[in-house]
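Trainee: model the structure of this input:
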Amino acid sequence: MPRQQKDANGHKLTLVTRTTQADERRGEREERKMLSSRAAAAAAPISVPTVAALRTKRPSLFSTFIAIPTLRFSGGNICLCSSRRSSSRMYSNSIVSSAAKPLQDPDKLIDSVETFIFDCDGVIWKGDKLIDGVPETLDMLRSKGKRLVFVTNNSTKSRKQYGKKFETLGLNVNEEEIFASSFAAAAYLKSINFPKDKKVYVIGEDGILKELELAGFQYLGGPEDGGKKIELKPGFLMEHDKDVGAVVVGFDRYFNYYKVQYGTLCIRENPGCLFIATNRDAVTHLTDAQEWAGGGSMVGALLGSTQHEPLVVGKPSTFMMDYLANKFSITKSQICMVGDRLDTDILFGQNGGCKTLLVLSGVTSLSMLQNPNNSIQPDFYTNKISDFLSLKAATTV
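Mentor: Take a look at the predicted model:
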């Protein structure tokens, strides 16, 4: 018998099928079974998590990017707060977007925004080597009255230490214009009123320690635990500090098994202990000769041992974008995010509703951008930020 159905657009479709009596009986049984299961589900009580349950549950990966500031400490307890963000704000790469366009009219892009946010590694420098044309490009943008902000997922340095690096490379950048994921970790803890009598265990380097100290938080771990070893003996039980209320994980060249186990014990056994990641970058630029394993490899070890997703405070999390927008009173649509990574920099800009420019001077090649499997498409792409100058010169000739 012909049957009529409708497609996704409401158009009627006529389907001609050939069935047997056995097919019809099988279909009736499956339909009764489906209706029965639906009725049972409808009658089941709705489970509402208690505060105690919330203390042990960890945020999902979705909440990591969409609504990070959902936890508040009150009287030693973690409380779940309502999010200001709609669940419809999914990852930007879940939305099919048009292909990126090569940057051909830099003046048009420059005039359309008030602020440029630059990633550092792969955009401003590679390792300790400045990328060609950067000083002149930054000077040109400042001369046009543009606000410049520098955001890096590298947590090995504090803002002050990054200020010295900019100075060493001959760039005039104020500390107030620099935001590292090490700073973001401390800023996030302040935003949730993390108790000052609680401690933070750090798997990372000096930058995180300095930012936590400036924010007034107690910490332990860091580089000094890099030389510690575990000597396994029958019945050995590793002790850990029960006052640790958060474990912060960032890039760590002194990473070892002691740190993995210590952090794991804190997250699994200390009630309400937070698992915070500065970033999840797979690779980084320690030198300009090759790519090196990034902070995501350290985060991955704790993710594997605890089976809990971390709260990510660096790019592409919305936390840092919200922080910057509030601090400088910036309208997000008036921002252009410039970076070399699709899954952090470009997604960071898209999550914040900003314009995005990908530069091919870092980890992303043109073939990677144009790969059919890549769903993260910036608004524009170019070879390096100094193309702002060369393209501008070409259009005025």
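Trainee: touching, residue 315 and residue 279? I think so.
Mentor: Yes: judged on Cβ atoms under 8 Å, residue 315 makes contact with residue 279 at a distance of 6.7 Å. (C-beta placed from N, C-alpha, C; glycine too.)
Trainee: what do those two both touch?
Mentor: Shared contacts of residue 315 and residue 279 (Cβ atoms under 8 Å, 6 or more residues apart in numbering): 153, 181, 344.
Trainee: and for the second one, the neighbour number?
Mentor: Read it as residue 181. By other Cβ atoms under 10 Å, the residues close to residue 181 number 31.
Trainee: do the first one as well
Mentor: The local packing count at residue 153 equals 34, with neighbours defined by other Cβ under 10 Å.
Trainee: contacting residues for it?
Mentor: 119, 121, 180-181, 278-279, 281, 295, 314-315, 344.
Trainee: got the contact list for stretch 210-218?
Mentor: 158-161, 180, 182-183, 185-187, 189-190, 194, 196-200, 202, 219, 248.
Trainee: now do stretch 165-175
Mentor: 124-125, 128, 130, 134-135, 138, 148, 150, 157, 159-160, 162-163, 178.
Trainee: buried ones from these, can you make that a ChimeraX selection?
Mentor: This is the ChimeraX syntax for the buried subset of the contacts of stretch 165-175, where burial follows 16 or more other Cβ atoms under 10 Å:
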select :124,125,130,134,138,150,157,159,162,163,178
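Trainee: in helices only, show me the contacts of stretch 165-175.
Mentor: 134-135, 138, 159-160, 162-163 (DSSP state H).
Trainee: which one of the residues you listed sits closest to residue 372?
Mentor: residue 134 (32.5 Å; Cβ to Cβ).
Trainee: please tell me how far the closest one sits from residue 170.
Mentor: 9 Å (Cβ to Cβ, to the nearest Å).
Trainee: residue 179 touches residue 151, doesn't it?
Mentor: Yes: contact criterion Cβ under 8 Å: residue 179 and residue 151 qualify, at 4.8 Å.
Trainee: now do the same for the closest residue to residue 341 other than its chain neighbours: helix, strand or coil?
Mentor: Among residues not flanking residue 341 along the chain, residue 363 sits closest, at 5.6 Å (Cβ to Cβ, 6 or more residues apart in numbering). Three-state assignment for residue 363 (DSSP: H, G, I helix; E, B strand; the rest coil): coil.
Trainee: would you mind giving the ones in helices among the contacts of stretch 165-175 as TSV with pLDDT and distance to residue 268 added?
Mentor: Converted to TSV, the ones in helices among the contacts of stretch 165-175 look like this (pLDDT from 0 to 100; distance: Cβ to Cβ, whole Å):
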residue	pLDDT	distance to residue 268
134	98	45
135	97	49
138	98	46
159	97	32
160	96	34
162	97	34
163	97	38
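Trainee: tell me which of those is nearest to residue 288?
Mentor: For the ones in helices among the contacts of stretch 165-175, the nearest to residue 288 is residue 134 (13.8 Å; Cβ to Cβ).
Trainee: quick one, phi/psi of the residue nearest to that closest one when sequence neighbours are not counted?
Mentor: The shortest distance from residue 134 to any non-neighbouring residue, by Cβ to Cβ, 6+ apart, is to residue 124 (5.5 Å). Phi and psi for residue 124, reported as degrees, to the nearest 10, are phi -90, psi -40.
Trainee: ok, now which ones touch residue 124?
Mentor: 118, 130-131, 134, 150, 169, 171, 385.
Trainee: how close does it sit to residue 167?
Mentor: 13 Å.
Trainee: same check, this time on residue 138
Mentor: 14 Å.
Trainee: return the set of buried residues in stretch 184-204.
Mentor: Under 16+ other Cβ under 10 Å, the buried positions of stretch 184-204 are 184-189, 191-192, 194-195, 198-204.
Trainee: per-domain residue ranges of this protein.
Mentor: Using automatic domain parsing, the domain parsing of the chain gives 101-182+316-396, 183-230+246-312.
Trainee: the nearest residue to residue 337 once chain neighbours are set aside: neighbouring residues, count only.
Mentor: Distance criterion Cβ to Cβ, 6+ apart; nearest residue to residue 337, sequence neighbours excluded, is residue 349 at 2.9 Å. Per other Cβ under 10 Å, the neighbour tally for residue 349 reads 28.
Trainee: how about the contacts made by residue 349?
Mentor: Applying Cβ under 8 Å, 6+ apart, the residues near residue 349 are 117, 335-337, 339, 355-356, 378.
Trainee: ok, so of those residues, who is nearest residue 243?
Mentor: residue 117 (36.7 Å).
Trainee: check which helix or strand covers the closest one.
Mentor: strand 115-118 (DSSP states H and E).
Trainee: same check on residue 247?
Mentor: Assigned by DSSP H and E, residue 247 falls in strand 244-249.
Trainee: other SSEs contacting whatever helix or strand comes next after that strand?
Mentor: Of the helices and strands lying after strand 244-249 in sequence (DSSP H and E), the nearest is helix 257-269. Where contact means 3 or more Cβ pairs under 8 Å, 6 or more residues apart in numbering; DSSP states H and E, helix 257-269 is packed against strand 199-203, strand 218-221, strand 244-249, helix 295-306.
Trainee: so how far is the very next helix or strand once past the longest one off the chain centroid?
Mentor: It refers to helix 295-306. Downstream of helix 295-306, the next assigned helix or strand under DSSP H and E is strand 311-312. Between the centre of strand 311-312 and the centre of its chain there are 7 Å (Cα atoms, centre = their mean, to the nearest Å).
Trainee: tell me the mean pLDDT for stretch 363-381?
Mentor: In this model, stretch 363-381 has a mean pLDDT of 96.
Trainee: what comes up buried for stretch 257-269?
Mentor: 258-260, 262-267.
Trainee: check stretch 336-346 too.
Mentor: Quick answer for stretch 336-346 (16+ other Cβ under 10 Å): 336-346.
Trainee: hang on, the earlier thing: list the contacts for the residue nearest to residue 341?
Mentor: With Cβ under 8 Å, 6+ apart, residue 363 has these contacts: 122, 283, 285, 291, 340-341.
Trainee: from these, which has minimum pLDDT?
Mentor: Ranking the contacts of residue 363 by pLDDT, residue 285 lands last with 76.
Trainee: please consider this matter closed, and thank you.
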